[in-house]
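Undergrad: Any chance you can model this:
(chains A and B)
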2 protein chains.
Amino acid sequence: MRDVAIIGVGQTAVGEHWDVSLRHLALQAVQAGMADAGVTRADALYVGNMLSGELAGQEHLGALIADFAGLRGIEAFKVEAACGSGAAALRMGYVTVAGGLADVVVVVGVEKMTDASSADATMALALAADGDYEAAQGVSFVAINALLMRRYMYEHGYSHQDFAAFAVNAHRNAQHNPHAMFHYPVTAEQFARAPMVCDPVNLLDSSPICDGAAVVVLAPAEVARTLSPAPVRIAASAVGTDTLAVHDRRDLLVLEGAIVSTHRAYKQAGIGPQDVDLFELHDAFSIMAALSLEAAGFATRGQGLRLALEGEIGIEGRVPVATMGGLKARGHPAGATGVYQAVEVVQQLRGLAGANQVPGARIGVAQNIGGSGATVVTHVLERMVDW
Amino acid sequence: MRDVAIIGVGQTAVGEHWDVSLRHLALQAVQAGMADAGVTRADALYVGNMLSGELAGQEHLGALIADFAGLRGIEAFKVEAACGSGAAALRMGYVTVAGGLADVVVVVGVEKMTDASSADATMALALAADGDYEAAQGVSFVAINALLMRRYMYEHGYSHQDFAAFAVNAHRNAQHNPHAMFHYPVTAEQFARAPMVCDPVNLLDSSPICDGAAVVVLAPAEVARTLSPAPVRIAASAVGTDTLAVHDRRDLLVLEGAIVSTHRAYKQAGIGPQDVDLFELHDAFSIMAALSLEAAGFATRGQGLRLALEGEIGIEGRVPVATMGGLKARGHPAGATGVYQAVEVVQQLRGLAGANQVPGARIGVAQNIGGSGATVVTHVLERMVDW
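TA: Model prediction:
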């Protein structure tokens, strides 16, 4: 097995791109990523996408994007794992390069959600949940998160207002990310007054429906230094899965898939949570941020929210999260998100995160979740050069 | 890179399974495949599926099926490449085992199409074509094949009736396949009277909309003999892509993606078309069968149909195709088809194809196509034991 590195990254701004088609959005990111990597060809292209069939009238994105990006003929597929699709595609790219079956692989995450109505998007997102046991019973995806949040508040004695810390942190960081969807700060007072979406989940607990595309370009680490001035090593790539339906879980408030995924990743990288300089977690809803901090070993059961309340999730904190805005404020173009997370960790490890730079960042973890924890893909990224 | 073998296969009957849900269909195939392989655990599960989001109200099949099959926790994703999804998932499984990232991988192809209306299924299948340049103009998937077929007849001087040879062959073979959808023969006379679907494509040129699930279990070839009495080596796994929209191709009647895919596969396996004992090709429409025979090197441009007319595609012919009924008569559950093809080649190489056995078969090729040739996945399978 070969060491694998990220030799280039690219991204479009996240937002409502009504004037850009899905293939153009993907193209912009692929061109940016390949230019950054300094490559003009690739052996394979994997696409992370969840909902192009439902919301954009197009399946078969692999060959489509490969052709549109001038890479006609190369191996190309779409990989889907609900909102974890982006990192699932990255995982497939990693496997292909690590195993020696390809040298240069382009991984593109792309999602176009805003051409559809909000109702259609909500219906489509429910496809991440269990169709028979959840969605068919009328439980939307936000409703599942609301049930988990309510249970967390009940078992651990938090108020809903305590969750404000996640939104405040994410929006503060997004102000300095030109690719983020929201460039304004929010206060705890605004959180308290935010419209309710699905009690207790309010608007500022929720990531937005949006469009975006992001790219990472992979190559064997041994040649990465000759291709890129600032490659980043993938020290670990790991997946854990769990039931789609949350009622089937042993403990509603424990993301076992995330525990398995993180444990496998830490083991492969030979690190523990104490070695992690930043953690790009999957804050699709603020309850997911709290549960992720616990599953990844940064806090014990019920104490993930405490970390946020104590200011430990900020850029200068013990576990910086959502350093470029996270799903909440950078935006959450479903199947693209996992690739955005990787791009942002690379920016941090290259020392190019500007006002949001985590000082001296050496090791960053990106964790992308499909469903309410049913697919969890974790990548540990490690700086290869000094800056 | 390690040699990879198929150590077990499983399949459900292809048909209209209105009483079985998608997850149960997948489960039946996974259980059959794992029992055949003699394994009770796996490191990863990849799902080939095209349309579960559109037609079965469920995305996120990887974690869902892994959990439902008793494999909760393992790595699991869905891989999509339109009707080439099944072989795309097999390709991902091959890459993972070949690269040494997993030892036992379950590849399941599953599709449930008949719970939806024919109109919805037709709309969904059009997602394999170019949404902007084909589907949005009102061109259905069968219409694209009709245009190609008309052009083939015009350029090469064939009559529509000449294509009957493909349907006759497929139905003859399906009679002896208990898992096939259609168990009756058809005659050239019946072909001549078949209802028109989209001129010149008639009902007997077309594969049916149906449900089904098939599984192959992969392991490193070096341990395959200890695990299975009759393993089959994957001598090559290769992908080629092309434009989705057929108008963008240099030559409408040349499947360049298939040429690239086959060439890569032959090169990896160190063989040529003369070494192939059977060719499970992608006869979604009879025109695709003709074009595939040409792209894979069994005939020159315009001569693929000639092979069929001369009786060379039968079990005893020079290039047996659709030996268990093919897409036409075994059935074409879109994203599952590529795995069915691999299962059938394994049956042939194990000498278990019964009345349809290709005498002394040593090398079989399975070729699965997404769209009208935009994704082409080719696997060369080779017998490892004598019988």
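Undergrad: Note down every partner strand of the helix or strand containing residue A:106 and its orientation.
TA: Assigned by DSSP states H and E, residue A:106 belongs to strand A:105-111. In the sheet containing strand A:105-111, the strands it pairs with under DSSP bridges are strand A:44-48 (parallel), strand A:212-220 (antiparallel).
Undergrad: OK, contacts around residue A:365?
TA: Going by Cβ atoms under 8 Å, 6 or more residues apart in numbering or on different chains, residue A:365 touches A:262, A:265, A:276, A:278-280, A:296, A:345, A:378-381. C-beta coordinates here come from the backbone N, C-alpha and C atoms, glycine included.
Undergrad: Now it: which helix or strand?
TA: Element membership for residue A:365, per DSSP H and E: strand A:363-370.
Undergrad: which neighbours does that strand have in its sheet, and in what orientation?
TA: Partner strands for strand A:363-370, per DSSP bridges, with pairing direction: strand A:278-280 (parallel), strand A:375-383 (antiparallel).
Undergrad: Is it possible to get CSV of those that adds mean neighbour count, mean pLDDT and distance to residue A:363?
TA: Formatted as CSV, these follow (neighbours: other Cβ atoms under 10 Å in any protein chain shown; pLDDT from 0 to 100; distance: least, Cβ to Cβ, whole Å):
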stretch, mean neighbour count, mean pLDDT, distance to residue A:363
strand A:278-280, 28, 98, 8
strand A:375-383, 28, 98, 5
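Undergrad: Would you reformat the ones you listed as TSV and include distance to residue B:99?
TA: Conversion of these to TSV gives the following (distance: least, Cβ to Cβ, whole Å):
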stretch	distance to residue B:99
strand A:278-280	26
strand A:375-383	17
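Undergrad: closest one to residue A:331 among the ones you listed?
TA: The stretch from the strands paired with strand A:363-370 with the least distance to residue A:331 (Cβ to Cβ) is strand A:278-280; that distance is 13.5 Å.
Undergrad: contacts for the very next helix or strand once past that closest one?
TA: The helix or strand immediately downstream of strand A:278-280 is helix A:286-295, counting by DSSP H and E. Counting by Cβ under 8 Å, 6+ apart, helix A:286-295 makes contact with A:145, A:148-149, A:152, A:163, A:166-167, A:201, A:205, A:253-256, A:258-259, A:262, A:279, A:281-283, A:299-305, A:307-308, A:313, A:319, A:321-322, A:326, A:328, A:367, A:369, A:372-373, A:376, all of which sit outside it.
Undergrad: Name the residue of the stretch 51-200 of chain A that lies nearest to chain B.
TA: Residue of the stretch 51-200 of chain A nearest chain B, by Cβ to the nearest Cβ: residue A:99 (1.5 Å).
Undergrad: Any chance of the backbone angles for the most centrally placed residue in chain A?
TA: Central residue of chain A (Cα atoms, centre = their mean): residue A:338, 3.3 Å from the mean position. Dihedral angles of residue A:338 (phi, psi; degrees, to the nearest 10) stand at phi -60, psi -30.
Undergrad: Please apply the same query to the one 4 residues further on.
TA: The main-chain torsion angles of residue A:342 are listed as degrees, to the nearest 10 and equal phi -60, psi -40.
Undergrad: gap between it and residue B:275?
TA: Residue A:342 sits at a distance of 43 Å from residue B:275 (criterion: Cβ to Cβ, to the nearest Å).
Undergrad: ditto for residue A:130
TA: Using Cβ to Cβ, one gets 47 Å for the distance from residue A:130 to residue B:275.
Undergrad: Who has more neighbours out of the two?
TA: A direct count of neighbours by other Cβ atoms under 10 Å in any protein chain shown for residue A:130 and residue B:275 places residue A:130 higher, at 27 against 14.
Undergrad: three-state assignment of that one?
TA: For residue A:130, the assignment made with DSSP: H, G, I helix; E, B strand; the rest coil gives coil.
Undergrad: Verify the stated contact: it with residue A:249.
TA: No. The criterion here is Cβ atoms under 8 Å, and residue A:130 misses it with residue A:249 at 11.5 Å.
Undergrad: can you list residues touching both of the two?
TA: With contacts defined as Cβ under 8 Å, 6+ apart, the residues adjacent to both residue A:130 and residue A:249 are residue A:243.
Undergrad: Let me see the contact set for residue A:201.
TA: A:142, A:145-146, A:149, A:285-287.
Undergrad: which residues does it bridge with?
TA: Each beta-bridge partner of residue A:201 is listed here: residue A:198, as defined by DSSP bridges.
Undergrad: Residue A:213 now?
TA: Going by DSSP bridges, residue A:213 is paired in beta bridges with residue A:110.
Undergrad: send the alpha carbons of stretch A:291-304 over as PDB?
TA: Below are the C-alpha coordinates for stretch A:291-304, written out as PDB (Å, rounded to 0.1, in the frame of the first residue of the first chain):
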ATOM      1  CA  LEU A 291     -22.500  14.000  19.100                       C
ATOM      2  CA  SER A 292     -19.500  14.000  16.700                       C
ATOM      3  CA  LEU A 293     -17.200  15.600  19.300                       C
ATOM      4  CA  GLU A 294     -18.100  12.800  21.600                       C
ATOM      5  CA  ALA A 295     -17.800  10.000  19.100                       C
ATOM      6  CA  ALA A 296     -14.400  11.300  18.000                       C
ATOM      7  CA  GLY A 297     -13.000  11.200  21.500                       C
ATOM      8  CA  PHE A 298     -12.900  14.900  22.200                       C
ATOM      9  CA  ALA A 299     -15.500  14.600  25.000                       C
ATOM     10  CA  THR A 300     -17.200  11.900  26.900                       C
ATOM     11  CA  ARG A 301     -20.900  11.100  26.500                       C
ATOM     12  CA  GLY A 302     -23.000  14.300  27.100                       C
ATOM     13  CA  GLN A 303     -19.900  16.600  27.200                       C
ATOM     14  CA  GLY A 304     -19.600  17.500  23.500                       C
END
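Undergrad: Now do the buried residues in it.
TA: Going by neighbour count (16 or more other Cβ atoms under 10 Å in any protein chain shown), the buried part of stretch A:291-304 is A:291-299, A:304.
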